[in-house]
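[1] build me a model:
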Amino acid sequence: MEQHDVIHQYLKQLERYLARLDKTEAQEVLKEIESHIFDALEQQQHSGQVVDAKAILQGFGEPRQLALAYVAHITNGAPLPAGFKAIQKVKQGVTATLYYAMAAFGFSIAFALFFAAGAKVIMPDSVGTWSAGDGYSLAIGFFAAPYPADQELLGVWFIPIATFSALLVITLTRKVLRVLKDNM
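    Numbering: from 1, shown residues only. Below is the predicted model of the structure:
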């Protein structure tokens, strides 16, 4: 039996057990589960694993149990089913990627701000914040030919502002990373 046939059969059984719900609610649940199934299949394919729909569906559990959990959630407000191995694997993979990307981005920005603050001390005419183009644009950074001094906006205040901004970025990055780590 092909992968799509196995998935189709599973979803048909699930649909039968969701009959207690309104048709629109049942269709929403089916679309959600189908989306999770195909996300898990795609993750297996991208990671170079053999695509195994049966193993993914086993992670969701029996269609009847899954349907009962969703019916209880919709009719009684019970917590959403969250213990499916397939969904959690996809979620962990995405969260880990997001975690490392956020760490690289946040700490890189903080490093650049610290570097700019230090460079302002060494090259005060070439590093800073300038108002360019008759005040309609802003230039921040390193320049080989210094901008005219009368257009510089922050002067030596660039150093504490860049340092404070770097510390703020580090703090925010660490808080976001803590939240992401708790969800991994």
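[2] ok, for residue 124, nearest residue in space, not its chain neighbours?
    residue 156 (7.4 Å; Cβ to Cβ, 6 or more residues apart in numbering). Just so you know, the C-beta spots here come from the backbone N, C-alpha and C atoms, and that holds for glycine as well.
[3] contacts for stretch 157-177, please.
    Stretch 157-177 is contacted by residues 99, 102-103, 105-107, 109-111, 113-114, 116-117, 120-121, 127-129, 154 when judged by Cβ atoms under 8 Å, 6 or more residues apart in numbering.
[4] residue 120 versus residue 172, what's the distance?
    23 Å (Cβ to Cβ, to the nearest Å).
[5] who has more neighbours, these two?
    residue 120 (23 against 14; other Cβ atoms under 10 Å).
[6] just the buried ones from the contacts of stretch 157-177, in ChimeraX syntax?
    Buried residues among the contacts of stretch 157-177 (16 or more other Cβ atoms under 10 Å), as a ChimeraX selection:
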select :99,102,106,107,109,110,113,114,116,117,120,127,128,129
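[7] the contacts of stretch 157-177 in helices, which ones?
    Judged by DSSP state H, those include 99, 102-103, 105-107, 109-111, 113-114, 116-117, 120-121 as members of helices.
[8] out of those, give me the two with the largest separation.
    Greatest spatial distance in those: 99 and 121, 33.9 Å, computed using Cβ to Cβ.
[9] so how many other residues sit close to residue 71?
    The number of residues near residue 71, taken as other Cβ under 10 Å, comes to 19.
[10] the nearest residue to it once chain neighbours are set aside in helix, strand or coil?
    Counting by Cβ to Cβ, 6+ apart, residue 20 is the residue found nearest to residue 71 once chain neighbours are left out, at 5.4 Å. With DSSP: H, G, I helix; E, B strand; the rest coil as the basis, residue 20 sits in coil.
[11] one more: residue 138?
    Taking three-state DSSP, the label given to residue 138 is strand.
[12] ok, residue 2 to residue 131 distance?
    Going from residue 2 to residue 131 by Cβ to Cβ gives 64 Å.
[13] try residue 157
    Taking Cβ to Cβ, one finds residue 157 at 14 Å from residue 131.
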